[in-house]
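In: Sharing a model that was predicted from the sequence below.
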Amino acid sequence: MTPPERFQLLRGETGVPVRNGVRTGAIGSAGYVPGVPRLGVPALQETDASLGIANPDNIRRRDAATAFASGLSLASTWDAQIAYEVGSIVGDEAWRKGFNVLLGPGLNLTREPRNGRDFEYLGEDPLLAGTLAGSFVCGVQDQHVIATMKHFALNDQETGRFVYSADIGEAAMRESDLLAFEIAFGEGHPGAVMCAYNRVNGIYACENDHLLNGILKGAWGFPGWVMSDWGAVHSVNAALRGLDQESALQVDQAISGVSFFGAPLEGAVASGALASSRLLDMNRRILRSMLAVGLFDNPPQRLPIDFRSHANVALDAAQRGIVVLKNDGVLPLRRSMHRIAVIGGYADAGVPSGGGSAQVMPIGRAVVFPFGGDSSPVAFYDRSPPLASIRATAPRAAVSFNDGRYPSEAATLAKHAEVAVVFATEWIGEGIDAPDLTLPGGQDALIAAVAAANPHTVVVLETGNPVTMPWLRETGAVVEAWYAGERGGDAIANVLFGYVDAAGRLPITFPAAQAQLVHPDLPGLDEVLSAIAAGAGPYQAARGIAPFSITYPDGSDAGYRRFAKEGVSPLFAFGHGLSYTTFRYTGLNVSGGETLKASFSVTNTGSRDGTDTPQIYLTSKPGAPQMRLLGWSKVTLAPGETRNVTVVADPRLLADFDPAKNAWVIQEGLYQASLGSAADDLQLRAAAPVAARALSP
Ligand code: BGC
């Protein structure tokens, strides 16, 4: 490669097909890196993201894609096979549209339950998120499309994402957020990693030598390349510190023209500040992943896409991810019902989709509502609106609809129905966080009024975050459907009417109140709002506020681990979800040695088929109580059927990370494992001795 060819590979641009009247070679997406035709090196055509192939600003006119349910929904399946299938379809659609790099999956742990991007990610547990992300990566890369794990690391909230520093101890991050990445890397071997906007311990993630060179490439041996998030580079020194490729700039930077991997990088190599061996390493890492994933041998081809079968997988995944949180016996609904009142949530129009780069232009239409502000339209996928799906499922019932604007009117309608199904939405997206945990727009009052009028009230939440539920006690059932994707209405109806079991389990804790959060006040929110009050636009407010620090007093014990440690009861615990049948666990037997192995039996004690997710937690280790998910199983059983299950713990989950030794250290002693249906429902316990050892990452 000539020097210009080498440098060209290290700098992405926005994937605009035509710039100043000239064709760029991009096919239209978030990012594009020109290839080297002379050597047969293909261009990198980079597309978002893990919920389907995005089409930002309709840049490829009306090019729609299968829109999957949100990441939290996928995580609620606790099913690596589904994650693989979704990944392979997203990869297949990318490839058939001409893309060879997918900018996903995102797997930042849910440290901040108000984070505007929680919906894209895979929940709060490193094993669950890492396992699912790893399977998703395998699915994508089996289609010869490079997957990109993002956002490395600790981009756990959107407020202040360009300026804050996530300040966390080494062991704490290795045992939590970074462990998710480490597990996903080990399972899936993604070709690329995207470094985050924020700082980690004071240093921008994209120039964080310790994170990139020390941990990712050093300790884990990541052979691929690190690309920056869009506009996340702050100096040419990032190249020395482990960044291999600068992605497209964000709009403001493109105008000011600051591209560090352009002339400044060439200057650094010319002056010797950046060794030419490092330049070769940067090139080699990119080309290596292109070769490993098959970009040379199996270049994308514009072939027809089987949207019909993909829609069926979208439906299957979405319904497996729906979590029944509470059920007083109202669910499943009977098809023979005569009068059903459907209320609120734009259930007549569609299901919400999260906003930002992960948003997909769906098959069907996206109906846009104007209440999100100019920069963030609130889009509902209209292919299967819940109202139409409920009507189709209960064709003999009179299914009435009320939009819920007037709670009194909705309550009167509910009073005359056998059951009232209230839809409540919380729309959120990239760049913004929910300011608190309430349902927005007066929906709590609507639900309370309807539930007061009819005890057979089923609340269907379509949210991107956990919410508080002041009306919980008055309702008959509560269902978390998340953002359920293009077949969302059908998925919801299938679960409500019990065509499929309610098999989803929570991948995050639902706190009972904001006071239970690590940071009851969202860090940086006050500063952003005060800048807006002073006249700044949302964009300037996001970039212009003073740097601030986010601390992690919970250490590695994010989410349910902290609730357990502090003895605090959440509203709904991690792992919780009700099936339409019942299960019994018996015969827990735990053996030790190099790691813990738990065997037990699960029996379906109810009268219908059902799918359970028995979970094994580490509940104590030598000298200290602990709470860590060690593994789980998905079992589908007929009534009366019993299945024996064995779960083997990843030894890293028994260990502490010792920064001085740069190793996972297991102390000798008794380790207790507990079996239950959720983090707060541990039913059987057993302990076994585990031998001392140190494991290098
Ligand atoms: C987001 C990334 C995304 C990129 C390209 C950034 O703003 O943080 O997740 O992949 O844009 O669209």
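Out: Perfect, thanks for sending it.

In: Using the three-state scheme, assign the residue of the stretch 301-450 of the chain found nearest the ligand.
Out: Across the stretch 301-450 of the chain, the shortest distance to the ligand (CB to the nearest ligand atom) belongs to S357, at 3.6 Å. Where you see a C-beta, it was placed from the backbone N, CA and C, and this is true even at glycine. Under DSSP: H, G, I helix; E, B strand; the rest coil, S357 falls in the coil class.

In: Spell out which parts of the stretch 101-250 of the chain neighbour the ligand.
Out: Contact residues, the stretch 101-250 of the chain versus the ligand (CB under 6 Å from any ligand atom): 103, 150, 229-230.

In: can you tell me which residues contact the closest residue to L637 other than its chain neighbours?
Out: Spatially, and ignoring its direct neighbours in sequence, L637 is nearest to N604 (3.8 Å; CB to CB, 6 or more residues apart in numbering). For N604, the contact set (CB atoms under 8 Å, 6 or more residues apart in numbering) comprises 581-583, 610, 612, 637-642.

In: for the ligand, what are the nearby residues on the stretch 501-650 of the chain?
Out: So the stretch 501-650 of the chain never meets the ligand (CB under 6 Å from any ligand atom).

In: what are the ranges of the helices in the stretch 501-650 of the chain?
Out: 525-533, 538-544, 560-566 (DSSP state H, counting those that start in this stretch).

In: helices and strands around the longest one, which ones?
Out: On a contact count with 3 or more CB pairs under 8 Å, 6 or more residues apart in numbering; DSSP states H and E, helix 525-533 meets helix 538-544.

In: mind checking how far the spatially closest residue to L675 that is not a sequence neighbour is from Q672?
Out: Once flanking residues are discounted, L675 sits nearest to L684: 4.6 Å by CB to CB, 6+ apart. L684 sits 11 Å away from Q672, going by CB to CB, to the nearest Å.

In: Check L132 too.
Out: 26 Å.

In: Neighbour count: these two, which is higher?
Out: L132 (32 against 17; other CB atoms under 10 Å).

In: Shouldn't that one be within a helix?
Out: Yes: per three-state DSSP, L132 lies within a helix segment.

In: which residues does it contact?
Out: Going by CB under 8 Å, 6+ apart, the list of residues near L132 reads 74-75, 79-80, 83, 122.

In: can you rerun that using 7 Å?
Out: 74-75, 80, 83, 122 (CB atoms under 7 Å, 6 or more residues apart in numbering).

In: now swap in S591 and tell me
Out: Contacts of S591 by CB under 7 Å, 6+ apart are 597, 688.

In: measure it to the ligand for me?
Out: Using CB to the nearest ligand atom, to the nearest Å, S591 is found at 43 Å from the ligand.

In: What residues are bridge-paired with that residue?
Out: K597 (DSSP bridges).

In: Check it and give its pLDDT.
Out: Here, the pLDDT recorded for S591 equals 98.

In: if I look at the nearest residue to E207 once chain neighbours are set aside, how far off is D209?
Out: By the measure of CB to CB, 6+ apart, the closest residue to E207 outside its immediate chain neighbours is A238, 3.9 Å from it. In this view, A238 and D209 are 10 Å apart by CB to CB.

In: With neighbour numbers in mind, choose between these two.
Out: Legend: neighbour count by other CB under 10 Å for A238 and D209, higher for A238 (26 against 15).

In: wait, is the more buried one part of a helix?
Out: Yes: A238: assigned to a helix according to three-state DSSP.

In: Could you double-check that it sits in contact with N208?
Out: No: with contacts counted by CB atoms under 7 Å, A238 stays clear of N208, the gap being 8.9 Å.

In: Tell me, what's the model's pLDDT at the residue lying farthest from the centre of the chain?
Out: Distance from the C-alpha centroid of the chain, by CA atoms, centre = their mean, peaks at S271 (42.6 Å). What the model reports for S271 is a pLDDT of 97.

In: ok, now the one 5 residues further on?
Out: Listed pLDDT for S276 reads 96.

In: do the same with P377
Out: 64.

In: do the same with P370
Out: 53.

In: State the distance from the residue nearest to E207 to G355.
Out: Taken as CB to CB, the span from A238 to G355 is 29 Å.
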